[in-house]
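Engineer: Fold the following for me, if possible:
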Amino acid sequence: MSRRGIALAVLGVWAVAVALLASRSINRDPVEVLAIAALRIQPRSIYYTIERGGAVVGAASSEIDTLTTRIIATDYVEGVLPAADSTLDLRLRARSTFTRALSFQEIRILLQTPGDSLTVMVRRASADLLRVTGDRDGRMLGTQDIEARDPVFMPQWAALPLMLTQEAREGSSMTVRILDPRTRIARETPLRIAAESLFVVVDSAAFDARDRTWVPALRDTVRAWRVTGEGLPPTFWIDIAGRIVEAEDAGGLRLRRTAFEIAFDNWRNRRRRPAQPIAHSQ
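Structural biologist: As a prediction, this is how the structure comes out:
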């Protein structure tokens, strides 16, 4: 074979290899893509004030823990929050378990109010089914099966796959399967990054002995992206890791990222002193 023939053969093999690699990248299984992207998840706890009409009405936390074989995401909320035409003093804890490839395994939701306790468990029953069980104060409430192929996410974690697998820029989009725990329906939901902005959030707190309250000590600048999609709050800003920076639902409840002491210690101390005015904290 001539030198030219050898060169053409080499170029031909190279072209075929590139085409195969491109085809593999384009046609890669979404589950495989998500499994690779999940390696970027880092353990972290984030805290929020819950506000309504400019007043603090509760506190919340969001935690991700990465174990050898599992990823555990825990959300906690406490506060006096609106319910129908009144308010409800509640504690809510939701503990979600995923495999290291972000395959959903289960979520346990515990809702406690004065004199009442409700537990809802959603478990993966098969590749296509989730099984929902519930009990109130130890009494079983029944079982329901929901069609939901993997991967599936709760609303608060729905933006994770978008941020882990797409370039974070305005216009980026991805269809994510979201399970609404209220309606118990899992649906394919197109998510889209609609805007980008910078937020200044409280990074740490200092105790003000005069007012006996925690105040901002250091602040940090966080770049965030506004994600839109059915099932998400109308205002839903997340950081590069897919974690909420600020969100507001249709009823005017707002989550605002802050330091632990400002979120929880201030809220709990104010509840012990209800006669004092509630200060607005970021």
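Engineer: for this structure, what spans make up the strands?
Structural biologist: Counting by DSSP state E, the chain has these strands, from start to end: 44-52, 55-66, 70-83, 86-99, 104-113, 116-124, 129-136, 139-147, 173-180, 185-208, 213-228, 235-238, 244-248, 253-258.
Engineer: If you compare the directions of the first one and strand 253-258, what angle comes out?
Structural biologist: Relative orientation of strand 44-52 versus strand 253-258 (axes from the mean of the first three to the mean of the last three C-alpha atoms, to 10 degrees): 140 degrees.
Engineer: Parallel or antiparallel, list what pairs with strand 44-52.
Structural biologist: Listed by DSSP bridges, the sheet partners of strand 44-52 and their directions read strand 55-66 (antiparallel), strand 253-258 (antiparallel).
Engineer: so for the last one, what's the average pLDDT?
Structural biologist: Throughout strand 253-258, pLDDT has a mean value of 96.
Engineer: cool, and the first one?
Structural biologist: Over the span of strand 55-66, the pLDDT mean works out to 95.
Engineer: residue contacts, residue 143?
Structural biologist: Contact partners of residue 143, counting by C-beta atoms under 8 Å, 6 or more residues apart in numbering, are 131-133. To be clear about C-beta, it is placed using only N, CA and C from the backbone, and glycine gets the same treatment.
Engineer: same thing but 10 Å
Structural biologist: Applying C-beta atoms under 10 Å, 6 or more residues apart in numbering to residue 143 gives the contacts 121, 125, 131-134.
Engineer: tell me which residues form a beta bridge with it?
Structural biologist: residue 133.
Engineer: Can you check the pLDDT for it?
Structural biologist: 91.
Engineer: how near is it to residue 217?
Structural biologist: 49 Å (C-beta to C-beta, to the nearest Å).
Engineer: what about residue 90, how many residues close to it?
Structural biologist: Other residues within reach of residue 90 by the criterion other C-beta atoms under 10 Å amount to 17.
Engineer: now swap in residue 245 and tell me
Structural biologist: By the criterion of other C-beta under 10 Å, residue 245 has 22 neighbours.
Engineer: which stretches of the stretch 101-250 of the chain aren't confidently modelled?
Structural biologist: Nowhere does the stretch 101-250 of the chain drop to pLDDT under 70.
Engineer: just to revisit the earlier point, okay, the strands of the chain in JSON lines with distance to residue 264 next?
Structural biologist: Formatted as JSON lines, the entries for the strands of the chain read as follows, by distance: least, C-beta to C-beta, whole Å:
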{"stretch": "strand 44-52", "distance to residue 264": "7"}
{"stretch": "strand 55-66", "distance to residue 264": "5"}
{"stretch": "strand 70-83", "distance to residue 264": "8"}
{"stretch": "strand 86-99", "distance to residue 264": "12"}
{"stretch": "strand 104-113", "distance to residue 264": "16"}
{"stretch": "strand 116-124", "distance to residue 264": "21"}
{"stretch": "strand 129-136", "distance to residue 264": "27"}
{"stretch": "strand 139-147", "distance to residue 264": "31"}
{"stretch": "strand 173-180", "distance to residue 264": "27"}
{"stretch": "strand 185-208", "distance to residue 264": "11"}
{"stretch": "strand 213-228", "distance to residue 264": "9"}
{"stretch": "strand 235-238", "distance to residue 264": "22"}
{"stretch": "strand 244-248", "distance to residue 264": "17"}
{"stretch": "strand 253-258", "distance to residue 264": "10"}
